[in-house]
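Undergrad: next one to model:
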Amino acid sequence: MIKVYQIQLTDLEITIANQGGSTPKLKAFFDRSFESTFKAENFQYYTHVANVDVDGFEQAFRAMNLWEDDDNFDRIELVGSGAFRCSSMSVGDILEDHDGKLYRCASFGFTAL
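TA: Take a look at the predicted model:
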């Protein structure tokens, strides 16, 4: 089982961003996709959004990006508040393996945090 964490923005935070404003959480959101600016301490802004019943990160990535495949959809358990949506897995998302170790979805592969 792989746990997936994503930064979830509220409507207010999206409005602030669209108006050119910033907050520490918004900065973390925009920095998450870049190796040079990503900071592990920003994990505080992430929300546990899904559990994926697979053995590895590549399988989790595939399952969370091919939602229309019934076999993949059946492997995903969405968790957390209904106020937020889980999106397809992308660069900057955090994955937790069965040993509790955290990894970042990188441009190519996954990097340990």
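
Undergrad: switch to C-alpha atoms for all contacts and neighbour counts from now on
TA: Fine.

Undergrad: which parts of stretch 98-113 are buried?
TA: Neighbour counts over stretch 98-113 (16 or more other Cα atoms under 10 Å) mark 102-106, 110 as buried.

Undergrad: ok, now stretch 39-58?
TA: Of the residues in stretch 39-58, those buried (16+ other Cα under 10 Å) are 42-43, 45-54, 57.

Undergrad: how many neighbouring residues does Leu12 have?
TA: Counted with other Cα atoms under 10 Å, residues neighbouring Leu12 total 9.

Undergrad: follow-up on the earlier one: and the furthest pair within the buried residues of stretch 98-113?
TA: Set against one another by Cα to Cα, these have their most distant pair in Leu102 and Ala106, with a gap of 12.5 Å.

Undergrad: in strands, which of the buried residues of stretch 39-58 fall?
TA: 46-52 (DSSP state E).

Undergrad: how about those, which pair is most distant?
TA: Tyr46 and Val52 (16.8 Å).

Undergrad: list phi and psi for the residue lying farthest from the centre of the chain.
TA: For the chain, the C-alpha farthest from the mean C-alpha position belongs to Gln19; by Cα atoms, centre = their mean, that distance is 24.3 Å. Per-residue torsions, Gln19: phi -90, psi 10 (degrees, to the nearest 10).
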